[in-house]
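Chemist: Sequence plus predicted model, see below.
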Amino acid sequence: MKAPVPVEMIEKKILLIRGHKVMLDSDLAVLYGVTTKRLNEQVRRNLRRFPSDFMFQLTSDEAESLRSQFATSKRGGRRYLPYVFTEQGVAMLSSVLNSERAIEVNILIMRAFVKLREMLATHKDLAKKLEDMEKKYDERFKVVFEAIYELMKPPAPSRRQIGFKAGGKE
């Protein structure tokens with residue numbers, strides 16, 4: 001069976017906002033094949049299913065930062081600030097959107113979140129193993145380890161993190 005949307009497309013829609021991996025309501029609506037208005041209507045009808053760790057509304061600064069990041073116009077835009085959904089919020093959406101497409105897309109989104117988590121875990125495991133090896137060997141291999149660490153650095157993000165970090169400067 002052919003996937004309704006490519007997994008790569010879903011992965012690109014996952015953003016880091018306020019330290020959470022989230023997806024915008026408008027991106028989810030497109031993936032589910034509904035309007036943003038309809039998606040948010042269903043959420044409002046089922047608000048008890050969406051606590052603040054499942055879904056939150058962006059501030060005007062965060063929304064503006066997103067708009068400038070993606071070079072979108074204010075004209076013809078939304079009247080309300082966007083909502084974003086964490087992985088748990090996306091899972092909960094499947095209980096309020098009951099179409100076949102919503103179910104299929106939800107499964108793909110969950111797999112994208114899991115893949116992201118696995119990639120991060122693998123990277124941490126590799127870094128730990130290298131650190132252990134570095135402790136074992138003397139200074140002669142220092143240059144080798146520095147080169148390996150340089151290769152392990154993630155590429156510069158194509159999307160800038162928005163939001164605020166507690167106790168940090170942004």
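Modeler: That came through fine.

Chemist: tell me which helix or strand of this structure sits lowest on mean pLDDT?
Modeler: helix 142-152 (a mean of 69; mean pLDDT, DSSP states H and E).

Chemist: any chance you could map the helices in the protein?
Modeler: 7-12, 25-32, 36-45, 60-69, 87-96, 100-136, 142-152 (DSSP state H).

Chemist: any idea of the angle the second one forms with helix 36-45?
Modeler: Taking axes from the mean of the first three to the mean of the last three Cα atoms, to 10 degrees, one finds that helix 25-32 is oriented at 110 degrees with respect to helix 36-45.

Chemist: got the angle between helix 25-32 and helix 87-96?
Modeler: Using the same axes, to 10 degrees: helix 25-32 against helix 87-96 is 50 degrees.

Chemist: From the rest of the structure, what touches helix 25-32?
Modeler: 4-5, 10, 13, 35-36, 38-40, 43, 78, 82-85, 90, 93, 97, 99, 101-102, 105, 109 (Cβ atoms under 8 Å, 6 or more residues apart in numbering). From N, CA and C alone the C-beta is placed, and that goes for glycine too.

Chemist: Buried ones among those residues?
Modeler: 4-5, 10, 13, 36, 39-40, 43, 82-85, 90, 93, 97, 102, 105, 109 (16 or more other Cβ atoms under 10 Å).

Chemist: The nearest residue to Ile103 once chain neighbours are set aside: how many residues sit nearby?
Modeler: The shortest distance from Ile103 to any non-neighbouring residue, by Cβ to Cβ, 6 or more residues apart in numbering, is to Ser94 (6.3 Å). If you count neighbours by other Cβ atoms under 10 Å, Ser94 ends up with 16.
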